[in-house]
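Q: Have a look at this prediction, sequence included:
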Amino acid sequence: MTTISADMVKDLREKTGAGMMECKKALTESNGDFEKALTVLRQKGLASASKKAGRTASEGMVGAYVHMDRIGVLLEMNCETDFVARTDDFRNLLKDIAMHIAAANPMYVSRDDVPQSVVESEREIYRSQVTGKQPQVMEKIVEGKLDKFFSETCLLDQIFIKDPEQKLKVKDLVVEKIAKLGENIIVKRFARFQVGERS
């Protein structure tokens, strides 16, 4: 069995922001394998983050990002306490998401924000593209195309632009911060402006 050194625990703590004992436990559980320990902590963090999802988030802040004086984004992000809203972690997340919005140009925050009429219209378009298949196969293809539509138009479903290789979605980024900060975080709304764009 691998001996878990203080440096190993320190490195893992710096990388994840988890507590010393949690890091030591994760390293012990993964027999000193740093990557496996990261996965263990992530799984525990995601589990605890999902428990926090129902809690009220009425604090937070509005952040702004301007790219080359041509694209501007205003973003409201909420958390549970003013204390967390003032942390670097929260502010950096807000800035990263605002930057992502500037680059990826989502239309909605989440799937829940997409009007039902738009969803039905997309469904009809996809159904007309898929013909000559059994109904259940056709519906599977339509749902797959609809998922792709959501991943292109909904902020939380988009692949985070700063880390495309990881295939990390914006919602995964938020969940990681919920796990780290111990509070519910909600991306509330955004507005994106581009010079010359028609309103």
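A: Nice, I can see it.

Q: Would you map the strands across the chain?
A: Using DSSP state E, the strands of the chain run over residues 59-67, 71-79, 186-194.

Q: least trustworthy helix or strand in this protein by mean pLDDT?
A: Every helix and strand in the chain was compared by mean pLDDT, DSSP states H and E; the lowest is helix 34-52, with a mean of 67.

Q: Can you tell me how far the spatially most central residue of the chain is from residue 97?
A: Closest to where the C-alpha atoms of the chain average out (Cα atoms, centre = their mean) is residue 171, at 2.0 Å. Remark: distance between residue 171 and residue 97 (Cβ to Cβ, to the nearest Å) = 10 Å. Glycine gets a C-beta too; all of them are placed from N, C-alpha and C.

Q: For residue 110, find the nearest of the strands of the chain.
A: strand 186-194 (8.0 Å; Cβ to Cβ).

Q: if we can go back for a sec, wait, isn't the residue nearest to the centre of the chain in contact with residue 160?
A: No. Under the criterion of Cβ atoms under 8 Å, residue 171 makes no contact with residue 160, lying 9.4 Å away.

Q: thinking again about what came up before, return the most buried member of the strands of the chain.
A: The highest average neighbour count among these, using mean count of other Cβ atoms under 10 Å, belongs to strand 71-79 at a mean of 20.

Q: Any stretches of the protein with poor pLDDT?
A: Residue ranges of the chain with pLDDT under 70: 1-2, 14-20, 43-57, 199.

Q: I'd like the domain boundaries of it, if you could list them.
A: Per the record, the chain has its domains at 6-52, 59-110+154-194, 115-142, by automatic domain parsing.

Q: what about the residue sitting furthest away from the middle of the chain, distance to residue 146?
A: Here the chain reaches farthest from its C-alpha mean at residue 132, the gap being 37.7 Å by Cα atoms, centre = their mean. Look at residue 132 and residue 146: by Cβ to Cβ, they are 20 Å apart.
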